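Engineer: Need the 3D shape of this:
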Amino acid sequence: MQLTTETWTELKNGNAKLIDALGMDAKQMAALLLIGYRFFEQGKLREARKIFFGLAVMDDSNPYVYGVLGAIFQKERRYELALACYNKALDLFPEDINSLVNRGETLLKLGRFIESAQDLRKSIELDASHEHPAANRARLLVLLVQDAIAIEEEKGLSVIQQQKERSSEKRS
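Structural biologist: Numbering: from 1, shown residues only. Presented below is the predicted three-dimensional model:
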(Lines give C-alpha, C1' and ligand atoms only; values in the text may rest on other atoms or scores of the structure.)
Protein backbone atom coordinates (compact mmCIF):
# COMPACT_ATOMS: atom_id res chain seq x y z
CA MET A 1 0.00 0.00 0.00
CA GLN A 2 1.36 3.42 -0.91
CA LEU A 3 0.80 6.66 0.95
CA THR A 4 -1.74 8.17 -1.40
CA THR A 5 -4.84 10.27 -0.83
CA GLU A 6 -6.83 7.07 -1.14
CA THR A 7 -4.66 5.39 1.52
CA TRP A 8 -5.17 8.29 3.92
CA THR A 9 -8.92 8.10 3.33
CA GLU A 10 -8.84 4.38 4.08
CA LEU A 11 -6.88 5.08 7.28
CA LYS A 12 -9.27 7.84 8.30
CA ASN A 13 -12.28 5.61 7.76
CA GLY A 14 -10.73 2.77 9.75
CA ASN A 15 -10.50 0.49 6.72
CA ALA A 16 -6.70 0.27 6.87
CA LYS A 17 -3.99 0.31 9.53
CA LEU A 18 -0.93 2.52 9.50
CA ILE A 19 1.27 -0.57 9.54
CA ASP A 20 -0.23 -1.58 6.18
CA ALA A 21 0.09 1.93 4.78
CA LEU A 22 3.78 1.92 5.72
CA GLY A 23 4.21 -1.42 4.00
CA MET A 24 5.54 -3.21 7.09
CA ASP A 25 5.40 -6.97 7.09
CA ALA A 26 5.12 -9.39 10.02
CA LYS A 27 8.92 -9.83 10.24
CA GLN A 28 9.51 -6.11 10.56
CA MET A 29 6.78 -5.82 13.17
CA ALA A 30 8.27 -8.74 15.11
CA ALA A 31 11.71 -7.11 14.97
CA LEU A 32 10.32 -3.88 16.44
CA LEU A 33 8.49 -5.85 19.15
CA LEU A 34 11.74 -7.64 20.05
CA ILE A 35 13.81 -4.45 20.12
CA GLY A 36 11.21 -2.73 22.29
CA TYR A 37 11.01 -5.68 24.64
CA ARG A 38 14.80 -5.85 24.96
CA PHE A 39 14.80 -2.17 25.97
CA PHE A 40 12.10 -2.99 28.53
CA GLU A 41 14.12 -5.90 29.94
CA GLN A 42 17.21 -3.68 30.20
CA GLY A 43 15.26 -1.05 32.12
CA LYS A 44 15.42 1.44 29.25
CA LEU A 45 11.79 2.30 29.78
CA ARG A 46 11.75 5.55 27.84
CA GLU A 47 13.10 3.88 24.70
CA ALA A 48 10.77 0.91 25.12
CA ARG A 49 7.79 3.22 25.65
CA LYS A 50 8.55 5.10 22.43
CA ILE A 51 8.72 1.89 20.40
CA PHE A 52 5.57 0.37 21.90
CA PHE A 53 3.66 3.63 21.62
CA GLY A 54 4.61 3.75 17.94
CA LEU A 55 3.53 0.13 17.52
CA ALA A 56 0.18 0.95 19.14
CA VAL A 57 -0.32 3.78 16.67
CA MET A 58 0.62 1.53 13.74
CA ASP A 59 -1.58 -1.37 14.84
CA ASP A 60 -4.13 -0.65 17.55
CA SER A 61 -5.46 -4.21 17.55
CA ASN A 62 -2.44 -5.94 19.10
CA PRO A 63 -3.11 -6.84 22.76
CA TYR A 64 0.57 -7.68 23.37
CA VAL A 65 1.58 -4.10 22.53
CA TYR A 66 -0.88 -2.70 25.07
CA GLY A 67 0.15 -5.29 27.66
CA VAL A 68 3.79 -4.26 27.42
CA LEU A 69 2.88 -0.57 27.40
CA GLY A 70 0.96 -1.23 30.60
CA ALA A 71 3.97 -2.96 32.11
CA ILE A 72 6.18 -0.01 31.16
CA PHE A 73 3.81 2.48 32.79
CA GLN A 74 3.49 0.20 35.82
CA LYS A 75 7.28 0.17 36.26
CA GLU A 76 7.25 3.95 35.94
CA ARG A 77 4.60 4.04 38.70
CA ARG A 78 2.15 5.70 36.33
CA TYR A 79 -0.64 3.44 37.49
CA GLU A 80 -3.60 5.14 35.82
CA LEU A 81 -1.89 4.92 32.42
CA ALA A 82 -0.91 1.31 33.10
CA LEU A 83 -4.51 0.53 33.97
CA ALA A 84 -5.77 2.08 30.71
CA CYS A 85 -3.30 -0.01 28.70
CA TYR A 86 -4.22 -3.23 30.50
CA ASN A 87 -7.90 -2.46 29.96
CA LYS A 88 -7.25 -2.08 26.22
CA ALA A 89 -5.18 -5.29 26.12
CA LEU A 90 -7.94 -7.20 27.89
CA ASP A 91 -10.64 -5.71 25.66
CA LEU A 92 -8.70 -7.19 22.74
CA PHE A 93 -7.83 -10.50 24.45
CA PRO A 94 -9.83 -11.12 27.67
CA GLU A 95 -7.92 -14.29 28.59
CA ASP A 96 -4.45 -12.71 28.62
CA ILE A 97 -3.11 -13.99 31.92
CA ASN A 98 -0.16 -11.55 31.99
CA SER A 99 -2.40 -8.50 31.53
CA LEU A 100 -4.90 -9.81 34.08
CA VAL A 101 -2.23 -10.30 36.73
CA ASN A 102 -0.53 -6.99 35.96
CA ARG A 103 -3.86 -5.16 36.03
CA GLY A 104 -4.68 -6.89 39.32
CA GLU A 105 -1.35 -5.76 40.74
CA THR A 106 -1.93 -2.22 39.46
CA LEU A 107 -5.39 -2.14 41.02
CA LEU A 108 -3.82 -3.33 44.28
CA LYS A 109 -1.38 -0.39 44.15
CA LEU A 110 -4.34 1.93 43.57
CA GLY A 111 -6.14 0.51 46.62
CA ARG A 112 -8.92 -1.03 44.54
CA PHE A 113 -8.79 -4.35 46.36
CA ILE A 114 -12.02 -6.00 45.21
CA GLU A 115 -11.28 -5.41 41.52
CA SER A 116 -7.72 -6.55 42.07
CA ALA A 117 -8.89 -9.80 43.62
CA GLN A 118 -11.28 -10.39 40.71
CA ASP A 119 -8.49 -10.10 38.13
CA LEU A 120 -6.11 -12.25 40.13
CA ARG A 121 -8.72 -14.95 40.66
CA LYS A 122 -9.64 -14.96 36.98
CA SER A 123 -6.00 -15.39 35.99
CA ILE A 124 -5.69 -18.30 38.40
CA GLU A 125 -8.83 -19.91 36.95
CA LEU A 126 -7.37 -19.59 33.43
CA ASP A 127 -4.22 -21.44 34.53
CA ALA A 128 -5.61 -24.87 35.35
CA SER A 129 -2.19 -26.48 34.84
CA HIS A 130 -0.52 -24.22 37.47
CA GLU A 131 2.33 -23.59 35.03
CA HIS A 132 1.95 -19.97 33.99
CA PRO A 133 4.49 -17.81 35.89
CA ALA A 134 2.16 -14.78 36.05
CA ALA A 135 -0.71 -16.90 37.40
CA ASN A 136 1.64 -18.33 40.01
CA ARG A 137 2.51 -14.75 41.00
CA ALA A 138 -1.23 -14.09 41.21
CA ARG A 139 -1.61 -16.97 43.65
CA LEU A 140 0.72 -15.11 46.01
CA LEU A 141 -0.76 -11.68 45.34
CA VAL A 142 -4.30 -12.82 46.06
CA LEU A 143 -3.19 -13.55 49.63
CA LEU A 144 -1.93 -9.96 49.94
CA VAL A 145 -5.23 -8.67 48.60
CA GLN A 146 -7.18 -10.74 51.09
CA ASP A 147 -5.05 -9.30 53.90
CA ALA A 148 -5.56 -5.77 52.56
CA ILE A 149 -9.32 -6.27 52.38
CA ALA A 150 -9.36 -7.61 55.95
CA ILE A 151 -7.36 -4.59 57.16
CA GLU A 152 -9.71 -2.20 55.35
CA GLU A 153 -12.72 -3.93 56.88
CA GLU A 154 -11.15 -3.66 60.35
CA LYS A 155 -10.42 0.02 59.77
CA GLY A 156 -13.98 0.55 58.63
CA LEU A 157 -15.35 -1.19 61.69
CA SER A 158 -13.07 0.72 64.04
CA VAL A 159 -14.03 4.05 62.41
CA ILE A 160 -17.70 3.18 62.88
CA GLN A 161 -17.02 2.24 66.51
CA GLN A 162 -15.13 5.51 67.08
CA GLN A 163 -17.97 7.52 65.55
CA LYS A 164 -20.48 5.75 67.80
CA GLU A 165 -18.34 6.50 70.86
CA ARG A 166 -18.02 10.19 69.89
CA SER A 167 -21.73 10.36 69.27
CA SER A 168 -22.57 8.92 72.68
CA GLU A 169 -20.03 11.25 74.38
CA LYS A 170 -21.71 14.28 72.79
CA ARG A 171 -25.10 13.14 74.08
CA SER A 172 -23.78 12.79 77.63
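Engineer: Show me the shaky parts of the protein.
Structural biologist: Residue ranges of the chain with pLDDT under 70: 1-23, 157-172.
Engineer: The same query, at a cut-off of 50, please.
Structural biologist: 1-2, 8 (pLDDT under 50).
Engineer: Helices of that one, residue ranges please.
Structural biologist: With helices called from DSSP state H, the chain shows them at 5-12, 18-21, 26-41, 45-58, 63-75, 79-92, 97-109, 113-126, 133-171.
Engineer: deepest of the ones you listed, which one?
Structural biologist: helix 97-109 (a mean of 25; mean count of other C-beta atoms under 10 Å). Glycine gets a C-beta too; all of them are placed from N, C-alpha and C.
Engineer: Can you list the helices and strands that that helix packs against?
Structural biologist: helix 63-75, helix 79-92, helix 113-126, helix 133-171 (3 or more C-beta pairs under 8 Å, 6 or more residues apart in numbering; DSSP states H and E).
Engineer: how about I149, what does it touch?
Structural biologist: F113, I114, A117 (C-beta atoms under 8 Å, 6 or more residues apart in numbering).
Engineer: now swap in D96 and tell me
Structural biologist: Counting by C-beta under 8 Å, 6+ apart, D96 has contacts P63, G67, A89, L90.
Engineer: I124: which of the residues you listed is nearest?
Structural biologist: L90 (15.5 Å; C-beta to C-beta).
Engineer: my read: that closest one touches R103, true?
Structural biologist: Yes - checked against C-beta atoms under 8 Å, the pair L90 and R103 is within contact range at 6.8 Å.
Engineer: coming back round to it: turn the contacts of D96 into TSV, columns for distance to V145.
Structural biologist: Formatted as TSV, those follow (distance: C-beta to C-beta, whole Å):
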residue	distance to V145
P63	24
G67	21
A89	21
L90	18
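Engineer: Among those residues, list the two that are farthest apart in space.
Structural biologist: It's G67 and L90 that sit farthest apart of the contacts of D96, by C-beta to C-beta, at 8.6 Å.
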